[in-house]
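[1] Below: sequence and its predicted model.
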Amino acid sequence: MSLTFAVSHNIGEISLPDPSAGCLSRNDLRELAAILTELDQNGDVQAIVLLGGEEDFCKGIELAEFADDSLLPDLSDVLQSAFLALAERDKPIFAAVRGQASGFGLTLLCHAEYVVAERSALFAAPFVGLGLVPEAGSTSLLPDRIGELHAFRLLCLGEQYSAEEAQRFGMVSKLTDEDANEHARNMARRFAKQPAGAQRATRALLADRQLPMAPRIRSEILESWNQLALGGSRHLLRRLVRRNTRAHNPRAVA
């Protein structure tokens, strides 16, 4: 079973192959890079939902892909394409985790802006134990997200984290007792309903962590003024003010 994707109501949805049929092949990774690029360039798509298999999210890349020395240069190119497609896309990813997320199944989550996990989910990164080095920029992204000490346990000691630990450390946005897939879809729809320009500006400021405080404050104000100047935000605020006035509450809350 290969990757599948669909676009509906401003949401692009990617379903990874079910791990019960095997781990990801280089062809799967090649396809993932192409799909991510296509969705990112689709002007109608505001967010991407990433789903795994029925029982497990993703158990990584097939080890046999690393076994043939003559094919390693091609695999290197494929890996780089897939990882850069994740790192350089503009549209946010809402990932839903059921069961096990290990290897690439974990490192690709480092690129997701929102991760919902069912309480039975497990997270592992067994790279070093296999004689490999963690991938997809995770040696930088994971310490930034969960802290260097927790990243060391995961990446260097090969410890496995429960869903509760992953949320406590900052790897998971939300735990759910319901269907993680539907939760991710709902969050993506919620995101897509908000003004796209304000979303892009806010995400750009969140990504630029090196920007000092004074220029950051000026940039936040400038971006709000830019959105008002475009008209859409101004019309939205006016509707809210009129609604509050009709409700005998003339004060709009920012």
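    Arrived safely, thanks for sending.
[2] Who are the packing partners of the worst-scoring helix or strand of the chain on mean pLDDT?
    Of all helical and strand segments in the chain, the minimum by mean pLDDT, DSSP states H and E falls on helix 232-246, at a mean of 73. The helices and strands touching helix 232-246, judged by 3 or more Cβ pairs under 8 Å, 6 or more residues apart in numbering; DSSP states H and E, are helix 196-207, helix 213-230. The way it works is simple: take the backbone N, C-alpha and C, and place the C-beta from them, glycine included.
[3] between the last one and helix 196-207, how big is the angle?
    Interaxial angle of helix 213-230 relative to helix 196-207 (axes from the mean of the first three to the mean of the last three Cα atoms, to 10 degrees): 170 degrees.
[4] Give me the contacts around helix 213-230.
    For helix 213-230, contacts defined as Cβ atoms under 8 Å, 6 or more residues apart in numbering pick out 195, 197, 198, 201, 202, 205, 208, 211, 233, 234, 237.
[5] ditto for stretch 134-147
    Residues outside stretch 134-147 that contact it (Cβ under 8 Å, 6+ apart) are 79, 82-83, 86-87, 104, 106-108, 110-111, 125, 127-128, 133, 151, 154-155, 169-171.
[6] Hmm, residue 124 is touching residue 104, no?
    No: Residue 124 is beyond contact range of residue 104, at 11.4 Å (criterion: Cβ atoms under 8 Å).
[7] Nearest residue to residue 156 in space, ignoring adjacent ones along the chain?
    Nearest residue to residue 156, sequence neighbours excluded (Cβ to Cβ, 6 or more residues apart in numbering): residue 128, at 5.9 Å.
[8] thought that neighbour was touching residue 158?
    Yes: Residue 128 is within contact range of residue 158, at 6.2 Å (criterion: Cβ under 8 Å).
[9] list the contacts for residue 48?
    Here residue 48 is in contact with 11-14, 36, 39-40, 89, 91-94, 188 (Cβ under 8 Å, 6+ apart).
[10] Sheet-wise, list the partners of the helix or strand containing it with their directions.
    Taking DSSP states H and E as the criterion, the element that holds residue 48 is strand 47-51. Applying DSSP bridges to the sheet, strand 47-51 is found paired with strand 11-15 (parallel), strand 93-97 (parallel).
[11] Pick the most deeply packed of these.
    Of these, the one with the most neighbours on average (mean count of other Cβ atoms under 10 Å) is strand 93-97, at a mean of 27.
[12] mean confidence for that strand?
    On average, the pLDDT along strand 93-97 is 98.
[13] you'd agree residue 44 is up against residue 11?
    No: using Cβ under 8 Å, residue 44 makes no contact with residue 11, being 9.6 Å away.
[14] List the contacts of stretch 20-34.
    Residues outside stretch 20-34 that contact it (Cβ under 8 Å, 6+ apart) are 1-3, 14, 16-17, 53-56, 58-63, 65, 74-75, 78-79, 81-82, 84-85, 103-104.
[15] Would you mark the buried spots in that stretch?
    23, 24, 25, 26, 28, 29, 30, 31, 32, 33 (16 or more other Cβ atoms under 10 Å).
[16] Look up phi and psi at the second one.
    Its backbone dihedrals place residue 24 at phi -70, psi 140, with angles given as degrees, to the nearest 10.
[17] likewise the third one?
    With angles defined as degrees, to the nearest 10, residue 25 shows backbone torsions of phi -100, psi 170.
[18] Check it and give its pLDDT.
    pLDDT, read off for residue 25, is 94.
[19] Could you report the distance from it to residue 17?
    Noted for residue 25: a distance of 9 Å to residue 17, by Cβ to Cβ, to the nearest Å.
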